[in-house]
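Enquirer: here's a sequence, model it:
(5 chains, ligands or ions: 5)
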Amino acid sequence: GCGSETSKNSSSAPQKITYVSMTDAVGLSPILTNDSASSAVIRTVYETLFMRDPKTGEIKPLLAEGYENPDPNTWIIKLKKNIKFQDGTPFNSEAVKYTFEKILDPKTASPRASLLKSVDKIETPDEYTVVLHTKTPYGIMLTALAHDNLSIVSPKADKAGDINKNAKGAGTGPYIFEEWVPGDHITVVKNKDYWGGAPKIDSITFKVVPEMATAVSMVETGEADMLVGIPPEHLERLKNNADVEVTQLQGNSVTYLGFNFEKKPFDNLKVRQAIEHAINRDEYISTLNGLGIRSNGIIGPKLIGYNSEIESHGYKYDVEKAKALLAEAGYPSGFKATLTYGNTDTYNKIAPFIQAQLKKINIDVTLNPMDWAAYLSYAKSGKAEMYLGGWSNVTGDGEELLYPQFFSGNIGASNYARYNNPEADALILKTRETIDQNQRVEYLRQANIKFTDDVLWVPLYHGVVTMAVRKNLKGIELESNGEFRFNKAYKE
Amino acid sequence: MNREILLEVNDLKTYFYTVDGVVPAVDGVSFTISKGETLGIVGESGSGKSVTARSIMRLIPNPPGKIVSGSIKFKDEELLTKKDSEMRMIRGSKIGMIFQDPMTSLNPLFTVGDQIIEALCIHQNIDKKEAKEKAIEALRMVGIPSPEKRINNYPHQMSGGMRQRVMIAMALVCSPDLLIADEPTTALDVTIQAQILDLIKDMKNMLNMSVMIITHDLGVVADIADSVIVMYAGKMMEYGRAFDMFSNPLHPYTKGLLDSIPTLSMEGDRLKSIEGSLPNVTLDYKGCRFADRCSERCEKCFVEEPPLIKVNDSYVRCHKYLNRR
Amino acid sequence: MVKYIFKRLIQLIPVLIGVSIAVFLMIYLIPGNAAEIIAGPTATKEEIQNITVKLGLDKPAYIQYLKYMSGVLKGDLGYSFQTGQAVSKAIAVRYVNTLSLAIFSALISIILGVTTGIIAAAKRNSWFDRLCMGISTFGISAPSFWIGLLLIVVFGVKLKLLPISGFNGKIWTADGFIHLLMPAITLGFGSSAMISRMTRSSLLEIIHQDYIQTARAKGVKEKIVILKHALKNALIPIITIVGINFGGLLGGAVVVESVFAINGIGRLMVQAISARDFPMIQGSVLMVAFTFVIINLIVDILYAAIDPRIQYN
Amino acid sequence: MAESISALKNGEVEIEYKKSSQIKEIWRRLKRNRTAVVGLFIISFIAIIALLAPVISPYNPYEQNLNQRLLGIGARGHILGTDEYGRDLLSRLIYGARLSLIVGFCSVAFGLVFGVLLGLLSGYYKRLDGIIMRIIDILLAFPGVLLALAIVSILGTGIVNVIIAVGIWSIPTIARVVRGTVLYIKEMDYVTAAKALGESDFMILFREILPNCISSIVVYSTMRLATAILSAATLSFLGLGAQPPVAEWGAMASTGRNFIFQAPHLTLLPGFAIILIVYGFNSLGDGLRDALDPNLKNV
Amino acid sequence: MSTSNEVLLEVKDLKKYFPVKKGFISKKVNYVKAVDGVSFTLRKGETLGLVGESGCGKSTTGRTILRLIEPTDGIINFDGENIVSLNKKELRKKRKDMQIIFQDPYSSLNPRLTAGEIIGRAIDVNNLAKGKERERRINELLDIVGLGARFYNRYPNEFSGGQRQRIGIARALACNPKLIVCDEPISALDVSIQAQIINLLQDIQDEFQLTYLFIAHNLAVVKHISDNIAVMYLGKIVEMADKNELFENPHHPYTKALLSAILSPNPKDKKERIKLEGDVPSPMNIPKGCRFYNRCPNKSKICSEVEPELKDMGGGHLTACHNI
Ligand SMILES: Nc1ncnc2c1ncn2[C@@H]1O[C@H](COP(=O)(O)OP(=O)(O)OP(=O)(O)O)[C@@H](O)[C@H]1O
Ligand SMILES: Nc1ncnc2c1ncn2[C@@H]1O[C@H](COP(=O)(O)OP(=O)(O)OP(=O)(O)O)[C@@H](O)[C@H]1O
Ligand SMILES: [Mg+2]
Ligand SMILES: [Mg+2]
Ligand code: NI
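Expert: Numbers count the residues shown, from 1 in each chain, chains lettered A, B, ... in the order given. Ligands and ions are numbered 1, 2, ... in the order given. Below is the predicted model of the structure:
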């Protein structure tokens, strides 16, 4: 059926939402997936123990009642009572233990097992208490527990079948999984018995529309109700449409130019500084229609660990200075380099810009676009010289960014920079292991300054998240990580 | 013989307007065919024989071809001014036509029966069953064994001779007054050729029709024709009774032709031949078209086109006969 | 005839094996693997390793292939690396959509192409002929994503006449029909242009054949000469091009499927290869190749049905 | 038939005169074909633009000027406006002509090298025919997009790989066309005559048969050029084509599509350019077919 | 015409079966028996005319003798050597001694080459001449066939059919062959041109001591040019004799019918024709017994069972018929 038909219906008719997404979900189990399309669905079906407040960014209990930290290696978590999974089984400490152990089991091969990596033992002293013992202090435990991939699944549903394909009744969330036509759409329907009160929307369809121009057209005609992650070139159009409400919100993603520290001359700080000096970020940001924000730091303004003092760090656009630094570094007449990136629209657009900018200081950049899978492999194996990347932060915590990208233990995996610095490693570990939140934030602040000064990346811009919603659809709040919840949504 | 005139062609000119200029394929041809008469048209390849025949049928592809002038009277009716629909009623019913190559002249995708029945259904107000019977009858008439089976055959299932018989049957089912046969035996073997020529003769007598037969084989003409036209490069060079032409050829070209054919009875080592080949004729061509191959040419032949001259009962287009008159 | 079809189906086996080996080599050669994709850019080494083991990607390449092929011989196309779904099931859904799209657009293109081709040939050098040929050249020349987007902007957004996406896989329902209209036109436009030109040129060629003269000499109406005698003979090249295009429609539908958000096999293939989802790539490529061969078979059978001279051998 | 000069002083002069006269003959026939002339005109026009690109284009096509982004048609200083980086669209279109022609020609040339060889061998040697035709069947049954995707994944994106991908794509069809022609020419008596004279297979294949396949190859290649340019555009759409900042029409039309609402000329103009050049090649191909095929001489 | 007694070509029991693919997994089950046991000898300087209906295997015979088609069986002794047993290389060397002229003047010339090059290629392949000598030779050959050097640089499409046929003859002559197979060299030509070519063929035969196997279906022409004539029917020679003997005293009913079917371009000598019923059977399933049985006007019982052999009926007149 057409969205346009349904949108004309009066309020007595069932309320339906069509949400368009560029890609299809990979799966429906939080344990086995790690992509934003899946996560959008998973958030409607499952819930985590803790959640991040969309406004303040503070971590609040969701399925949990509260927690205690008797010592840095012990987390005692109290659970809310009287919550039932959609399949009727009770939500309790067993379910939490089951879920977490499943994630930790290597045979499960959960892509986000590392979130619980430091967990040593899980105990369930009673029905509504879970105790997590860690090997080393794990300061970001709460942030991790707020991560969608640590949503709690119903053990019964999980044992009964593959909840990755059919998640019926597997969560505690406000919507129940209904149908998945792979490649086409996923439907979830209202959970009348939701512990937080039944949602007003009767069903949500997650529709796959790979072509952005088409997706935008669908929102315009009312065939679809909402769309997030609108690229700048389509923004104006949607904003001008009287039937569509566009929300723009500073996000916590960052788009950057990265270097391979194992390749010369990128191990040279002066060279990196020169490059940062040579790139006119403001100019590029001006093309983004407001969909990017200048911040000099690696940890952006919306992340835990950000402090505005960072704006006095970084290196300003100054071609002469860049040339001078390059000469100092021993490259007075520049050098040749390749810039590798996955050939998505975003990077396809940035790459020529970087190329043009670096030309000015005689760095001759060859563009090396690759398909996404090849790029991942290439970058991981340390073949890239310079690369373009983006980091979208789910938990909103600076640690989630620093550890994978710059911790030496992750070389060969997510540390594309192949940055290996014991000093930095120590600092990164502190940002993970410190239990005292204030202290931890302080470490993050220090790390941000250090890494920014050392130009581990050139942060090109920090993202702005967008959402376009048909005006009659209300109650959806966008979060700075680009996510949103349908709990309070309703149609007028 | 009945001297009632069936077809009268007068000064027919059919030109082709091609990329390479105007080709006067038929350039002033006049003749008559009486009831029961057989007219043979001979000439070299490209001399305009087929175009003459197709002009009578009004089947000249346009573009590039066009009948530029002349008149074609069939049973005292002018064909050239007839509407397309009227012309269609004449084709196939009053005038039947068969083509040179029986291999390509039948539609390969329909059974021979269908193709004959189609001709019947267009011109005669009969139902399918009746038409089928008539078609079988026609096939039997042209000597095809077990026609009730053969009627369901496709052309490729028949030999060349049989296909030509089918063509004849198709041309004759509606008992036309005139049969135009465009090189009906050229593609066939001598023994089969003999069969087909006999068949045409038989049919002609049986149906009392006139025949216009086109060929480049003088033997065929000698065998079947009452009168003959010799064409050369779009022009009628000689026109007269067949017997006269063979015993006393008038035009140097005709003579040349007759001399160049080896006959069984002839002796001697060398054949006489006509040197050279057909000229490339354009509209502003001056003089006799045969002049540069002619053994009896004079200067006049190159500048002035000879008119058609009546010599005895025949017509000839050669300056040689002007003085004699 | 049954024997012939059987024989052709057997001939299909080496082609399919060849295709599957080609796919295998391809996967083997291209950098990146499914585990890395599933793990995502954040993944640690252990996470990647776990997934690699789970998918069996740690085994030597030829073993992976043989294991896969032995499954195929048992009728099991395997499970998607990425989603864990049964490949056969995943393909089935998409295949129906693509096939509906392909058939619908083939119909559109045949009807459009053949009629305009006939008229253009019959009225050669008339304004209609020129117009048809002009439009058809345009049709051949324009990239399909471009036509598709223009159609969306004009008919979907501006005029709000047709829905942009949402084909339900049921072409026989009114809803399915309406949703498939724009995609089918987009896809069919180019091939209708080709068919139109092919019809025109083969008709023009056939019109010069002797048997057409024979038909005319019988007094057959020009309309019937063309529609019956000439067209039937022209059908062979027309069917050939329809067949070729249909094969192309299946493989080339990716673009239209993306533009109109149709959940088809073309898109599936592209997705699968970007995810290095080996079983899914094998399955969908084999399916497309299979269809291609079947289309060829159908085309050959049609040849023989039309032309009595062609025998099954 | 034009009588040639009877008294000959120098044989070579005569050779040249005659060779050119054969080409002249084709040219003459081509000239009468209106669409072909239009096609030829379009292609020459584009080719000249491509050749003179550095001279005639008002700006450097790669020079970004982010202050002047997305100007519309008729903007001051930019007749056809600018793109999302403020690059002059006219200049990019002019340079795009180069790349589109290069992509077209090179990929068809690539396909020709292999296609012609395969076609010749399989047409001439009955024994090889079976194997080669099976390989071609496999290539044909293999979805072209996937092939391109794989090639690009292996070799990386970029214009050269687009050329290779599109080139491989055209091998099977070229091979088939050539094979068909060879099968036909093989039966001609002049090939038998060459055999009777004692020519070797190699000589027969490359000196007797190949030159006579040229006209069908030329005709087909012309049409294939059109397809190649279109395929390249399609690859661009899938993100596999020429990569930015390369000014290639397909890539331009494809990246421009994101601005279809905001600045439709960004996709419309390159789109029209593609249509124009493809139209040109197709018409020329049609015309060449008529001009080179003596059977159709007077039709 | 001077005919020596030296045998140039001896063909013994030549057979050529073309396999026809049929049935499951293309087993070769059926054969077109195009030539099915043909034997004859040709002396130096002699012309043997080969006549017969279309499809009876004349061309196949001609081409198989030159090994342009591989024979299925039989012996071809040419100039004292069995051609059949030569390997590819030896054969290529031998080729210049035996040439062929084709029926179709259009398909027999490479349209991409000039007349001079067509002839030149024949010289090059056999390394007969180089440089100036080569040019001279080409011009000489063009003269011999009556074209002249001014035609050197013309392409085949600029020639008429007769002129093309002359180029074909010049090409065959280029390597000084001993034997020329003329495969219906005049059938496609206009009557007025035919005589030119026949005269030319006779002239060069005299001049270069050539031996011809002259294939045609026009009996009058064959009679004119040949010394001996062989009549073929369905892959076999049914009658062979000196030309005058054959025309005056034909034995085989098929020969008789053939002769009676000749149309004379003289309305006066109309004669009674022998009518043959029916068609030639398909060479794919040749009937048992005499191949001519189904059309024969005076068949007897034995004809349907035993295949008659070619026997000398006296004076070198060979006939294959039971009823003589
Ligand atoms: N459709 C056509 N377009 C152009 N010229 C044509 C056409 N049909 C015939 N001609 C020209 O008209 C002339 C006469 O052709 P026609 O077919 O009548 O010759 P013909 O005497 O029948 O020869 P043949 O013995 O080869 O059948 C030729 O020069 C030919 O080129
Ligand atoms: N390559 C081939 N494959 C299969 N059959 C063939 C082949 N070449 C010839 N034939 C068949 O062999 C038989 C004899 O053919 P051939 O060409 O020798 O006849 P012909 O006497 O020269 O006839 P024509 O007078 O028509 O030239 C025919 O039935 C023909 O169909
Ligand atoms: Mg004719
Ligand atoms: Mg022959
Ligand atoms: Ni709908």
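Enquirer: list the helices and strands the helix or strand hosting A:E442 packs on?
Expert: A:E442 is part of helix A:437-453, with elements assigned from DSSP states H and E. When contacts are defined as 3 or more CB pairs under 8 Å, 6 or more residues apart in numbering or on different chains; DSSP states H and E, helix A:437-453 packs onto helix A:399-406, helix A:422-433. No exception for glycine: its C-beta is placed from N, CA and C like everyone else's.
Enquirer: so which of these is nearest D:I26?
Expert: Checking the helices and strands packed on helix A:437-453 against D:I26 by CB to CB gives helix A:399-406 as the closest, at 64.9 Å.
Enquirer: for the closest one, which outside residues touch it?
Expert: Under the contact criterion CB atoms under 8 Å, 6 or more residues apart in numbering or on different chains, helix A:399-406 has outside partners A:139-140, A:143, A:254, A:298-299, A:303-305, A:391, A:393-394, A:410, A:413-417, A:419, A:421, A:424, A:428, A:431-432, A:440, A:444, A:447, A:451, A:456, C:41-42, C:44.
Enquirer: is B:S30 in a helix, a strand, or coil?
Expert: B:S30 falls in the strand class when you classify it by DSSP: H, G, I helix; E, B strand; the rest coil.
Enquirer: related to what we said a few turns ago, reformat the helices and strands packed on helix A:437-453 as a markdown table; add distance to B:E304.
Expert: Formatted as a markdown table, the helices and strands packed on helix A:437-453 follow (distance: least, CB to CB, whole Å):
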| stretch | distance to B:E304 |
| --- | --- |
| helix A:399-406 | 102 |
| helix A:422-433 | 110 |
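Enquirer: just name the most buried of those.
Expert: A comparison of those by mean neighbour count, using mean count of other CB atoms under 10 Å in any protein chain shown, puts helix A:399-406 on top with a mean of 25.
Enquirer: C:G18 versus C:I5, what's the distance?
Expert: Relative to C:G18, C:I5 is positioned 21 Å away (CB to CB, to the nearest Å).
Enquirer: coming back round to it: let me have the helices and strands packed on helix A:437-453 in a markdown table, extended by mean pLDDT and distance to ligand 2.
Expert: Formatted as a markdown table, the helices and strands packed on helix A:437-453 follow (pLDDT from 0 to 100; distance: least, CB to the nearest ligand atom, whole Å):
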| stretch | mean pLDDT | distance to ligand 2 |
| --- | --- | --- |
| helix A:399-406 | 87 | 72 |
| helix A:422-433 | 90 | 81 |
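Enquirer: so for D:A232, which of the ones you listed sits nearest?
Expert: Closest among those, using CB to CB: helix A:399-406, at 36.5 Å.
Enquirer: where does pLDDT dip in the stretch 1-150 of chain A?
Expert: By pLDDT under 70, the low-scoring segments of the stretch 1-150 of chain A are A:1-12.
Enquirer: which residues of the stretch 1-150 of chain E fall in strands?
Expert: Ranges of strands in the stretch 1-150 of chain E, per DSSP state E, counting those that start in this stretch, are E:7-22, E:27-43, E:47-52, E:73-78, E:81-82, E:98-101.
Enquirer: okay, those in a markdown table with distance to D:I163 next?
Expert: Shown next, in a markdown table, are those (distance: least, CB to CB, whole Å):
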| stretch | distance to D:I163 |
| --- | --- |
| strand E:7-22 | 41 |
| strand E:27-43 | 45 |
| strand E:47-52 | 57 |
| strand E:73-78 | 54 |
| strand E:81-82 | 55 |
| strand E:98-101 | 46 |
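Enquirer: that's a helix at A:K165, yeah?
Expert: No: secondary structure of A:K165 (three-state DSSP): coil, not part of a helix.
Enquirer: and it, how many neighbours?
Expert: Residues within reach of A:K165, counting by other CB atoms under 10 Å in any protein chain shown, total 16.
Enquirer: same deal with B:V311?
Expert: Quick note: B:V311 (other CB under 10 Å) scores 18 neighbours.
Enquirer: does it touch B:L250 like I think?
Expert: Yes: counting by CB atoms under 8 Å, B:V311 touches B:L250, with 5.7 Å between them.
Enquirer: give me the common contacts of the two.
Expert: The contact sets of B:V311 and B:L250 overlap at B:Y321 (CB under 8 Å, 6+ apart).
Enquirer: spatially nearest residue to A:E94 (excluding sequence neighbours)?
Expert: Of all residues not flanking A:E94 in the chain, A:T124 sits nearest, at 6.1 Å (CB to CB, 6 or more residues apart in numbering or on different chains).
Enquirer: so the one you found: helix, strand or coil?
Expert: Under three-state DSSP, A:T124 falls in the strand class.
Enquirer: who's in contact with B:L59?
Expert: B:L59 makes contact with B:R91, C:Q213, C:R216, C:A217, according to CB under 8 Å, 6+ apart.
Enquirer: and which of those is nearest to ligand 1?
Expert: C:Q213 (10.8 Å; CB to the nearest ligand atom).
Enquirer: list the contacts for D:F114?
Expert: Applying CB under 8 Å, 6+ apart, the residues contacting D:F114 are D:G167, D:I168, D:I171, D:I174, D:A175.
Enquirer: switch to 7 Å and redo it
Expert: D:I171 (CB atoms under 7 Å, 6 or more residues apart in numbering or on different chains).
Enquirer: and A:N252, that's in a strand?
Expert: Yes: under three-state DSSP, A:N252 falls within a strand.
Enquirer: neighbour count: C:I5 and C:G18, which is higher?
Expert: A direct count of neighbours by other CB under 10 Å for C:I5 and C:G18 places C:G18 higher, at 18 against 14.
Enquirer: mind checking how far C:F128 is from D:R34?
Expert: 16 Å.
Enquirer: and if you look at A:A417?
Expert: For A:A417, the distance to D:R34 equals 63 Å [CB to CB].
Enquirer: quick check, distance from stretch A:422-440 to the centre of its chain.
Expert: Distance of stretch A:422-440 from its chain centroid, counting by CA atoms, centre = their mean, to the nearest Å, is 21 Å.
Enquirer: outside of it itself, list whatever touches it.
Expert: Residues outside stretch A:422-440 that contact it (CB under 7 Å, 6+ apart): A:69, A:72, A:136-140, A:399, A:402-403, A:406-408, A:443-444, A:446-447.
Enquirer: ok, whatever helix or strand B:L39 lives in near chain E or not?
Expert: Assigned by DSSP H and E, B:L39 belongs to strand B:38-43. No: if you take CB under 7 Å from any CB of the partner chain as the test, strand B:38-43 misses chain E, and the best it gets is 8.5 Å.
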